[in-house]
Structures are given as C-alpha cells and as structure tokens.
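Engineer: build me a structure from this.
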Amino acid sequence: MASGRVGGTKSMKSGQVGDEIYQIVKNPDGTYSQVVYGKPEQVVQAITPRLQAQRMCTCMVEALMRDLKPVGRISWQSAANKSKSLNAMSSYNLQLVARDCKTNWYSNNQYLYPWRFYKDSTVEKLGGPYMISAGTGTIDVFDEVNIWPRPWQIWPYAQFFGHELAAVRFSLQNCGSTVGSFLKKHLMTRLDQVVFCFFHMWYVWNPDEESYDPYTGTSYIIASINPAVADEAPLNAGTIENLFVLESNIEPFKKVSDNGQDFYFGLLYDIGDRDERVYFYNAFTISWADGKKKITTKSLKPVPNVDTMYLQGHAPADVLGSWMGEPSVKPWPSPFI
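Structural biologist: Prediction:
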C-alpha cells in the first residue's frame with residue numbers, strides 16, 4: 001500500500017501500488033519529487049547439473065582456503081598484498097578443480113569430490129593436488145620433505161611405535177659448529193620461511209558417544225627463524241630446535257634425530273590405534289637470499305599407494321546425484337558434453 005505525503009500543492013506517495021513502486025526524493029532546493037519505478041521481476045535460477053557441479057567445485061576450494069588462509073596470504077609471489085595473494089590462490093585452484101571435474105568426470109579424477117551431505121560435517125574438507133604456492137624461486141632451503149613410516153628408527157623410543165611422521169628435514173651434517181654456519185650452509189637468511197602443508201585425517205575423542213570421531217582437513221606449519229638465537233650460538237639439538245619458530249593450526253612436532261645428523265619438523269600421527277593418515281603433502285620456501293622475495297612453486301602431492309584408494313568412488317559422476325537431490329543416480333551423465 002502507498003501512503004500520501006503533502007508537499008507543495010500535490011500529495012505524493014511512497015510505497016507499492018500494484019506493479020509500481022513510489023518513492024519520494026528530496027531535491028537540492030529542499031522540495032520533494034515523486035519517482036515511480038516498475039516492480040522488478042523476480043528471477044528464479046534453475047537448478048541444473050552444470051550449476052550444481054560448479055557449486056560443488058566452489059565448495060571444495062572454499063574449504064581449502066578456510067584451512068590455509070594464513071598460507072594463502074604469503075604464498076603468491078606476484079601478489080601485491082595479502083588479500084591479492086589469497087585471491088590468486090583461490091582463483092587458480094578453482095580453475096584446477098573445474099578442469100579436472102570436466103576432463104575426468106567418470107574416472108581418473110585427481111581430487112576427491114564430495115557428497116552433498118559432507119557439507120558442514122567433520123569430514124567436509126577434501127583432498128587433492130591443490131597448488132599451495134607460486135613464484136620464481138628455484139631452490140628450497142630444506143633437504144627433504146617426505147613421509148617417514150618408521151620414526152622409531154630415528155628415535156628408538158616406545159612412544160614412536162605405531163606412528164608415522166610427515167615432515168620437513170634439514171641435514172645438520174657439514175654445517176659447521178654454529179647457528180650462523182648452519183644458515184649459511186642452507187643458503188638461508190633470517191627473513192626466510194619454510195611452509196609445510198598436508199591434507200590428513202585424524203580422530204577426536206567424543207565423550208558423549210565414547211568413541212573417536214573422524215576429521216579431515218588441510219593443515220600447515222609456517223617455520224620462521226627465531227631472532228633471539230644468535231649466529232654465534234653453538235649448533236646443537238637445543239639451539240636448532242629453538243631456532244625454528246613454528247606457526248601452525250595443529251600441534252607441530254620438531255626434534256633432532258638421535259644421531260644428531262638431522263632436524264625434523266612436521267606432524268607425528270597415530271597409525272596404530274586410530275589409523276590416522278596423511279594423503280597429500282608438500283613444502284615450499286620463501287627466500288630473501290638475493291634481497292628480493294622469491295617463492296618456490298609447489299602443489300600438494302599424493303602419498304604413494306594411498307591416494308588411489310582414497311579417491312575411489314569420488315569422481316564427479318559418483319557424487320553429483322546427491323547435489324541434484326537424487327543420490328541413487330550413479331553415474332550421473334556429464335553436463336559438459
């Protein structure tokens with residue numbers, strides 16, 4: 001219903017009458033004018049398989065970016081600031097997932113596509129070879145990033161049995177006797193950072209159900225150099241573990257090997273009682289060795305003999321039915337043909 005307002009010699013209306021919307025606009029001279037708009041048409045977007053496939057891919061990248069937001073802010077060398085770095089990482093990964101979705105609709109998919117009911121669940125976040133950094137850097141300052149299936153061979157203690165280690169390794173051999181000589185051997189400056197990312201499954205105790213609930217997600221460890229440790233400090237287990245300051249969304253592990261030859265930082269996880277797993281992992285370097293920020297380009301890579309099993313039954317054709325409200329339809333025909 002429109003209401004009248006007296007201004008000058010006319011009664012002006014505001015509100016809606018039929019398909020017309022009346023609005024009163026104040027003029028610069030203090031008077032009022034009547035403006036009439038046509039009621040905008042309500043547009044209802046049809047739910048199509050292609051649209052739902054696009055939404056599925058978007059949800060996958062959104063979940064990744066929620067996990068790796070601190071990494072995304074620093075991982076794109078060409079980005080002018082943190083916000084643009086995040087946008088670049090998100091945009092590039094969306095292209096990767098969309099291309100894989102279209103090309104590998106029925107099989108050979110590189111990413112795990114989710115059932116609709118995964119959304120907002122503890123296993124909403126899904127793995128794949130997402131790109132985690134981009135730049136012109138050519139040298140990593142660490143010696144190795146890998147999975148160590150028998151950490152009890154590195155540290156022969158009972159607490160390491162039934163565990164695996166996903167980690168970055170720095171060799172301490174031929175590194176001299178001081179922290180400064182260690183940094184020089186690894187071509188590191190005190191501004192450098194090493195970033196380790198990994199997609200994994202872990203379990204959290206649920207006291208109500210008296211059982212462990214599964215969780216999935218992509219975690220990160222950002223390693224920076226501690227300015228409080230001087231170059232002249234002696235190179236030993238205590239100083240090297242104190243040299244690396246770790247920022248992470250998990251409880252990170254760091255330790256020098258018992259033989260004193262290597263330093264590791266990463267994730268120590270239980271493969272015995274709880275069957276926790278790492279499925280994708282990699283690390284990159286942010287270096288200032290030549291006075292300019294340079295980043296090595298990396299994507300998450302699958303753990304050998306694990307990713308194929310993990311991806312089974314999660315091609316786009318296997319799960320799109322759940323996004324269309326018809327989960328029993330498998331395989332769903334490709335909407336891109």
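Engineer: tell me which element Gln95 falls in.
Structural biologist: Of the helices and strands defined by DSSP states H and E, Gln95 is found in helix 82-103.
Engineer: now that helix - C-alpha only, PDB.
Structural biologist: What follows is helix 82-103, C-alpha atoms only, in PDB (Å, rounded to 0.1, in the frame of the first residue of the first chain):
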ATOM      1  CA  LYS A  82      48.000 -10.400   1.400                       C
ATOM      2  CA  SER A  83      44.400 -10.000   0.000                       C
ATOM      3  CA  LYS A  84      45.500 -10.400  -3.600                       C
ATOM      4  CA  SER A  85      47.700 -13.400  -2.700                       C
ATOM      5  CA  LEU A  86      44.600 -15.100  -1.200                       C
ATOM      6  CA  ASN A  87      42.500 -14.300  -4.200                       C
ATOM      7  CA  ALA A  88      45.200 -15.600  -6.600                       C
ATOM      8  CA  MET A  89      45.500 -18.800  -4.700                       C
ATOM      9  CA  SER A  90      41.700 -19.300  -4.600                       C
ATOM     10  CA  SER A  91      41.200 -18.400  -8.300                       C
ATOM     11  CA  TYR A  92      44.000 -20.700  -9.500                       C
ATOM     12  CA  ASN A  93      42.800 -23.700  -7.500                       C
ATOM     13  CA  LEU A  94      39.200 -23.200  -8.700                       C
ATOM     14  CA  GLN A  95      40.500 -23.400 -12.300                       C
ATOM     15  CA  LEU A  96      42.400 -26.600 -11.500                       C
ATOM     16  CA  VAL A  97      39.300 -28.300  -9.900                       C
ATOM     17  CA  ALA A  98      37.000 -27.100 -12.600                       C
ATOM     18  CA  ARG A  99      39.300 -28.500 -15.300                       C
ATOM     19  CA  ASP A 100      39.700 -31.800 -13.500                       C
ATOM     20  CA  CYS A 101      35.900 -32.100 -13.000                       C
ATOM     21  CA  LYS A 102      35.200 -31.600 -16.700                       C
ATOM     22  CA  THR A 103      38.000 -33.800 -18.000                       C
END
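Engineer: which strands and helices sit next to that helix?
Structural biologist: Counting contacts by 3 or more Cβ pairs under 8 Å, 6 or more residues apart in numbering; DSSP states H and E, helix 82-103 packs against helix 49-67, helix 69-72, strand 131-133. Quick note: C-beta positions are derived from backbone N, CA and C, even for glycine.
Engineer: please report how far Val179 lies from Ala223.
Structural biologist: According to Cβ to Cβ, to the nearest Å, Val179 stands 15 Å off from Ala223.
Engineer: Ser91 too?
Structural biologist: Going from Ser91 to Ala223 by Cβ to Cβ gives 27 Å.
Engineer: so which of those two has more stuff around it?
Structural biologist: Using other Cβ atoms under 10 Å as the criterion, Ser91 and Ala223 rank with Ala223 on top: 25 against 11.
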